[in-house]
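**Q** Just the structure for this:
(one chain, ligands or ions: 2)
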Amino acid sequence: MTEPASPHHNQLFTALPASVEVYEVGPRDGLQNEKMVVPTELKISMIERLVDAGVRRIEITSFVNPRWIPALADHADVAARLRRKPDVRYSALVPNMRGLEGAVRGGMDEVAVFLAASESHNRKNINKSTAEALDTYAQVITQARSEGMRVRGYVSCVYGCPYEGSVPVAQVEAVCLRLLELGVEELSLGDTIGVGTPRQVAYVLGHLRDAGVPLERVAVHFHDTRGTALANTTVALQMGVRVVDSALGGLGGCPYAPGASGNVATEDVVYMLDGMGVDCGVDLDALVPISLSLQTHLGRELPSKYLKAHVGHCDRAGRSVDSGAAPRE
Ligand code: HMG
Ligand code: MG
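**A** Ligands and ions are numbered 1, 2, ... in the order given. Alright, predicted model coming up:
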């Protein structure tokens with residue numbers, strides 16, 4: 001429920017938007033690090049059910065080298081066999097022209113290029129320096145746009161790098177400005193190893209805004225490794241960000257970022273947005289059975305806190321966990 005306005009609310013929450021977009025990364029970021037490869041059929045059903053639950057932007061796979069990311073080796077199959085809806089934007093990660101060709105063949109609406117604000121992570125993750133990655137993406141972005149696709153640019157390690165530690169904000173700024181100059185419509189700022197805190201988020205976003213990065217073209221991509229993702233999200237929304245990346249169940253992590261654990265869970269984000277009266281168009285109750293199917297397949301509990309609370313509540317109430325409307329405590 002959303003509490004009535006009070007002077008405190010006015011002071012703290014007037015900057016929250018009426019609505020935000022949830023950009024679902026579960027099928028890509030969520031599954032890329034799983035040891036157990038999820039069958040193509042289950043991936044497709046996960047994507048279709050997420051869309052049925054109201055998700056309107058979704059990253060379905062990565063057209064990367066399957067030797068680097070074996071869990072997403074079926075990228076072409078996933079793209080080819082997916083039943084699509086016209087009002088949904090389907091995206092995929094691409095690291096180079098070969099990846100873009102796959103994405104074009106796969107009929108993607110959008111591609112996402114990706115690099116880190118730190119040199120070492122780029123070497124480990126895409127086998128390129130930052131400058132080489134930007135050169136590659138200059139070509140990829142131009143070609144993708146000429147194919148009529150939208151382009152998103154991920155900047156990872158914004159709040160810290162697993163190899164270099166803290167990352168100077170000037171490096172983040174330089175990569176963001178260059179990607180915008182190259183023609184990306186949207187930047188997604190990744191806290192790849194989940195070290196950021198709300199104050200740091202305010203500092204980085206404020207710095208970027210002052211440097212000319214329009215925050216209405218910024219998405220936030222928090223990993224919840226240290227439990228700060230929802231607090232960070234709130235601050236980002238209060239500063240003008242309108243797109244939040246999240247993964248069903250809180251799955252995910254980058255195999256080339258040691259220690260990085262799950263993305264902020266879509267269920268947790270939607271629960272918080274609902275409670276704050278921010279519309280995201282996603283039906284929380286419809287997410288639960290999708291997470292539960294995945295949990296059963298993977299044979300372990302998913303990190304989402306909402307999911308755990310929901311399952312616990314149903315157990316106590318003697319209800320079936322996927323029997324429709326979720327209880328609110
Ligand atoms: P490389 O080995 O330097 O590539 O890898 P290369 O250009 O030298 O080519 C070597 C081989 O790879 C060749 O095959 C190419 O054809 C093949 P061979 O002749 O040896 O048989 N190849 C490809 N195959 C399929 N698809 C392609 C492709 N490109 C080349 N697109 C490369 C460079 C970028 C390809 C590799 O490093 C790679 O695939 N990296 C991807 C790693 C990855 O996906 N990491 C996780 C991303 S998550 C992330 O970065 C963070 C994010 O979630 C945000 C956040 O959390 O902060 C986005
Ligand atoms: Mg990520």
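
**Q** Pretty sure residue 290 sits against residue 248.
**A** Yes. Here residue 290 lies in contact with residue 248, judged by C-beta atoms under 8 Å, at a distance of 6.1 Å. For every residue, glycine as well, the C-beta is placed using N, CA and C.

**Q** which of these two has more neighbours?
**A** Neighbour totals were compared for residue 290 and residue 248, and residue 248 leads with 30 against 23 (other C-beta atoms under 10 Å).

**Q** before we move on, back to that, joint contacts of residue 290 and residue 248?
**A** Jointly contacting residue 290 and residue 248 under the rule C-beta atoms under 8 Å, 6 or more residues apart in numbering are 46, 50.

**Q** For residue 120, what is the enclosing helix or strand?
**A** Here residue 120 sits within helix 119-126, counting by DSSP states H and E.

**Q** Next to ligand 1 in this structure, residues from this protein, please.
**A** Contacts of the chain with ligand 1, taken as C-beta under 6 Å from any ligand atom, map to 29, 32, 62-65, 68-69, 95-96, 98-99, 114, 125-127, 154, 156, 190, 192, 221, 254, 256.

**Q** burial of the closest residue to ligand 1 within the chain, as a residue count?
**A** As assessed by C-beta to the nearest ligand atom, ligand 1 sits closest to residue 190 within the chain, at 2.1 Å. Using other C-beta under 10 Å, residue 190 has 28 other residues around it.

**Q** Over to the one 3 residues further on?
**A** Under the neighbour criterion other C-beta under 10 Å, residue 193 is assigned a count of 24.

**Q** wait, what's in contact with it?
**A** Shown in contact with residue 193 (C-beta under 8 Å, 6+ apart): 157, 159-162, 223, 225, 257, 259-260.

**Q** Looks to me like it is in a strand.
**A** No. Assessed with DSSP: H, G, I helix; E, B strand; the rest coil, residue 193 is coil; it does not lie in a strand.

**Q** For the closest residue to it other than its chain neighbours, give me its contacts.
**A** Taking C-beta to C-beta, 6 or more residues apart in numbering, and ignoring the residues beside it in sequence, residue 193 has residue 260 as its nearest neighbour in space, at 4.7 Å. Residues in contact with residue 260 (C-beta under 8 Å, 6+ apart) are 162, 192-194, 223, 225, 253-254.

**Q** what's the answer for residue 104, then?
**A** Per C-beta under 8 Å, 6+ apart, neighbours of residue 104: 147, 149.

**Q** Next, work out how far apart residue 15 and residue 101 are.
**A** 42 Å (C-beta to C-beta, to the nearest Å).

**Q** give the contact list for residue 246.
**A** Contacts of residue 246 by C-beta under 8 Å, 6+ apart are 22-26, 263-266, 268-269.

**Q** Give me the phi and psi for residue 204.
**A** The phi/psi pair for residue 204 (degrees, to the nearest 10) reads phi -70, psi -50.

**Q** Find the residue closest to it in space, skipping its chain neighbours.
**A** residue 169 (5.8 Å).

**Q** In this structure that neighbour contacts residue 202, no?
**A** No. Distance between residue 169 and residue 202: 12.0 Å, which falls outside the contact criterion (C-beta under 8 Å).

**Q** okay, those two: which has more neighbours?
**A** More crowded of residue 169 and residue 202, by other C-beta under 10 Å: residue 169, with 18 against 15.

**Q** what pLDDT does that one get?
**A** At residue 169, the pLDDT value in this model is 98.

**Q** Let me see the contact set for it.
**A** 203-204, 207-208.

**Q** Give me the buried subset of the residues you listed.
**A** 204, 208 (16 or more other C-beta atoms under 10 Å).

**Q** So which of the contacts of residue 169 belong to strands?
**A** Counting by DSSP state E, no part of the contacts of residue 169 is found in strands.
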